[in-house]
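> After the sequence you'll find the predicted model.
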Number of protein chains: 2
Amino acid sequence: MTRRLRLGVVGLSRAFTLMLPTLAGHRRVELVACADPRPEARARFTRDFPGSRAHADIAALCRDGAVEAIYVATPHQYHAADVIAASAAGKHCLVEKPMAITLDDCAAMIEAADRAGVQLVIGHSHSQDGPVLAARRLVASGTHGRVRLITALTYTDFLYRPRRPEELDTARGGGVVFSQGAHQLDVVRLLGGGLLRSIRAQCFGWDAGRPTEGAYAAFLQFADGATATLTYSGHGRYDSDELMGWVGELGQARDPDAYGTARRALAGITDEEAAKARRAYGPDTPPLAPPAAPAFHNQFGFLLASCERADLRLTPEGVMVHTDDRRWLEPAPLPEVPRGEVLDEFCAAVLDGIPPLHSGAWGMATLEACLAVLESARSGRDVTLSHQIAVPG
Amino acid sequence: MTRRLRLGVVGLSRAFTLMLPTLAGHRRVELVACADPRPEARARFTRDFPGSRAHADIAALCRDGAVEAIYVATPHQYHAADVIAASAAGKHCLVEKPMAITLDDCAAMIEAADRAGVQLVIGHSHSQDGPVLAARRLVASGTHGRVRLITALTYTDFLYRPRRPEELDTARGGGVVFSQGAHQLDVVRLLGGGLLRSIRAQCFGWDAGRPTEGAYAAFLQFADGATATLTYSGHGRYDSDELMGWVGELGQARDPDAYGTARRALAGITDEEAAKARRAYGPDTPPLAPPAAPAFHNQFGFLLASCERADLRLTPEGVMVHTDDRRWLEPAPLPEVPRGEVLDEFCAAVLDGIPPLHSGAWGMATLEACLAVLESARSGRDVTLSHQIAVPG
């Protein structure tokens, strides 16, 4: 249990920056190498991680014999090729969400990992947040009966954070369904048992300057009769952190009086792609802080799961359980480092042989749900799903 | 404008008790008569309203020449017969929700009122709450663009308030879809423009001892592409007043620490029907208080309506408007008496000739939506609607 997994990362992106405290502070992981085309990012990496090696591309990273596993944090469209290359080199893979943007790519990734006998785990997903996992354990215990009705709503400023052009192009994996549905649908699938039967949905975009999905609403039917309604908007108006005690997505304290900051910041930017690049890892990244224990969990908006005998509400501290006669907080243990749960799951899979919840097949099923939201919005009809898997274990 | 409408009431029920402060305190209404089979309720009525007349049945009330209009607060199944009788006698009708439990009954009520040339208004509905009407005015102004996406969620202890047997029997109009969907769907229709195209829904009941719908989830598609997701549970576990600053449905201050009170009270009751009867008007009704201005509006749970250029959140004080650059409360004027808006609308229709929002045709369209929720839950399919009308004016 004390050995550390020697991890390489491909793509020193914004996603990597968000995972940096986790990767740097997790006690079962050692960051030993990276691959990125930007020399300034590579230089920063070797400075932050003395003794590590910085490669210019995935091929070189795959040849690095010290690397046991690769965290794939490249843009969506590269995930499949990166996983196939890494698997062929015998590296285990942790892949940022969304796993890919086509089911064919997902299938190819799963096949590549299976053939090579390496682990394939998808994350970070907010379904790895401590309170979601705690709720899942409560559901699995059977104490409160089956989950029957889930309602989830998330309102953010996602659309107004600096974006690369493809992030605003649905055909290339842009928009809130691929990027944020990958979280919300993943959380709802995990709590609802995984096996979706059909999805009815509508998508919206109210800003011609951001020509992709900015919002969606969806009605999910599970095979066992459970139902979920989901609403998401990334238009930077209402903010559902209001419903979470002004704790933000990353577990940080939010200022309730700050309003419209993302839109204002974006309006002041002339070169959005350059601004996005500055949010990636590099010279402008704040110095690596010593790992600090978080005060709250990550959270992804309001979620209430009604079981036959209790309503479970997620909070940034755990699960508020509402039974017939009383209500209490079931605290979720805080990870040692923020988002530590994703590396817990990945290391348990690679080092301990414990099958992951967020396997390739699981990620493919969540992508199928994202694609079904888009398809139902186009057709105005129910979309039947056929690649769903149950929550393992 | 100063003349008062001479109103009779049929059914000194729980609904009447809830409307009592409104009826007693509204400056455009004078309660002059009632009809109810219970002598103790009639005695109380003539004591509370000196000079009024108490009749044993609707026929006698209809013969009362002093009565210009009748508030129909009988159980659902009597609404149609009562309205038809009242209309034939030339009395205007204000009918408690749900208007009826079949579309045929609704059509017969509308035809009877039309033939007699009397007004037919449906209420109280929470879509008459001040903040809903304020949001409707904001939408109608066009300032914020069209409504595109509505999300509504309401969690109460509805199922555990004392009930008559038919209130727990869907076939006789029982359950939360008829009684509470009549509010939530009405609010959503009003804000979404009225013209629903289809509904996909699921219903639930998690208590074999209360064998009717206790919860539902619904996905509503409007003809103009607007979409709404609705969730309701009356199982007495999670309470959505938590999201409304612990202001209750009637605008009252709630105690956040009180939990499970409805279930506990019900468990202590041996004769539920008698307990329900005690909640109706009669000797046990608290003394009529002098009309007091309410501190908050009535409210019916969390509701967020996303327009093309702003998100509108209902609060017990008005509408919180979230535009691109700022957020503010658009206060809704408090009525002089709680729920005064329903009598404002009825009196404006009868005394001033202003067409009501909540006409018979409007109420029929909302009932059609309730029936579609039940039908979709049975069939697992979209139900197409055909009796919808647009918001007047």
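Right, received. Where do you want to start?
> Find the centremost residue of chain A, please.
Centroid-nearest residue in chain A, with CA atoms, centre = their mean: A:Ser125, separated by 2.5 Å.
> who's in contact with that one?
Neighbour list for A:Ser125: A:Lys97, A:Ala182, A:His183, A:Asp186, A:Val187, A:Val342, A:His358, A:Thr366 [criterion: CB atoms under 8 Å, 6 or more residues apart in numbering or on different chains]. C-betas here are computed from N, CA, C, even on glycine.
> How many residues are close by the nearest residue to A:Pro331 once chain neighbours are set aside?
Of all residues not flanking A:Pro331 in the chain, A:Gly318 sits nearest, at 4.1 Å (CB to CB, 6 or more residues apart in numbering or on different chains). Neighbours of A:Gly318 under the rule other CB atoms under 10 Å in any protein chain shown: 21.
> same question, A:Leu190
23.
> Could you identify the helix or strand that succeeds the one helix or strand it maps to?
Following DSSP states H and E, one finds A:Leu190 within helix A:182-192. Downstream of helix A:182-192, the next assigned helix or strand under DSSP H and E is strand A:196-204.
> who wins for most neighbours among the contacts of A:Ser125?
Neighbour counts for the contacts of A:Ser125 (other CB under 10 Å) peak at A:Thr366, which has 32 neighbours.
> After the biggest helix by length in chain A, which helix or strand is next? Please name it.
In chain A, taking DSSP state H as the definition, the longest helix is helix A:360-379. Later in the chain than helix A:360-379, the nearest helix or strand by DSSP H and E is strand A:383-384.
> What about A:Asp255, how many residues nearby?
Neighbours around A:Asp255, by other CB under 10 Å: 9.
> That should have said A:Phe204, apologies.
Counted with other CB under 10 Å, residues neighbouring A:Phe204 total 21.
> For it, name its beta-bridge partners.
Counting by DSSP bridges, A:Phe204 is bridged to A:Ala215.
> what domains does the record give for chain A?
Here the domain parsing of chain A from automatic domain parsing is A:5-126+A:337-359, A:127-288+A:294-332+A:368-384.
> Serialize these to TSV and add fields for mean pLDDT.
Converted to TSV, the domains of chain A look like this (pLDDT from 0 to 100):
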stretch	mean pLDDT
domain A:5-126+A:337-359	96
domain A:127-288+A:294-332+A:368-384	96
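> Please name whichever of these is nearest to B:Thr227.
Among these, domain A:127-288+A:294-332+A:368-384 comes nearest to B:Thr227, with 4.0 Å by CB to CB.
> how far does the closest one sit from the chain's center?
In terms of CA atoms, centre = their mean, to the nearest Å, the centre of domain A:127-288+A:294-332+A:368-384 is set 10 Å apart from its chain centre.
> re the thing from before, just give the closest residue to the residue nearest to the centre of chain A, not the sequence neighbours.
Ranked by CB to CB, 6+ apart and with sequence neighbours excluded, the top spatial neighbour of A:Ser125 is A:Asp186, at 4.6 Å.
> Okay, the one you found and A:Gln252: tell me how far apart.
According to CB to CB, to the nearest Å, A:Asp186 stands 21 Å off from A:Gln252.
> again with A:Arg137
25 Å.
> neighbour count winner among the two?
Taking other CB under 10 Å, A:Arg137 and A:Gln252 do not tie; A:Gln252 has more neighbours (15 against 12).
> Could you pull up the residues touching the more buried one?
By CB under 8 Å, 6+ apart, the contact list for A:Gln252 reads A:Phe296.
> swap in A:Arg4?
Each residue near A:Arg4 by CB under 8 Å, 6+ apart is listed here: A:Arg27, A:Arg28, A:Val29, A:Glu30.
> tell me the two of those that are most distant?
Greatest spacing in the contacts of A:Arg4, by CB to CB: A:Arg27 and A:Glu30 (9.7 Å).
> More neighbours: which of those two?
Taking other CB under 10 Å, A:Arg27 and A:Glu30 do not tie; A:Glu30 has more neighbours (18 against 15).
> Reduced to three states, what does the more buried one come out as?
strand (DSSP: H, G, I helix; E, B strand; the rest coil).
> and if you look at the one 10 residues further on?
Secondary structure assignment for A:Glu40 (three-state DSSP): helix.
> That one: how many residues sit nearby?
Residues within reach of A:Glu40, counting by other CB under 10 Å, total 15.
> That one contacts A:Tyr281, correct?
No: using CB atoms under 8 Å, A:Glu40 is not in contact with A:Tyr281; the gap is 9.3 Å.
> Could you tell me how far A:Phe222 is located from chain B?
10 Å (CB to the nearest CB, to the nearest Å).
> for A:Thr229, same thing?
Distance of A:Thr229 to chain B, computed by CB to the nearest CB: 4 Å.
> So in terms of bridging, what pairs with the closest residue to that residue other than its chain neighbours?
The spatially closest residue to A:Thr229, leaving aside those adjacent along the chain, is B:Thr229, at 4.0 Å (CB to CB, 6+ apart). Under the criterion DSSP bridges, B:Thr229 forms beta bridges with B:Thr151, B:Phe219.
> With the one 4 residues further on instead?
Following DSSP bridges, B:Ser233 is listed with bridge partners B:Tyr155, B:Ala215.
> give me the number of residues near it?
31.
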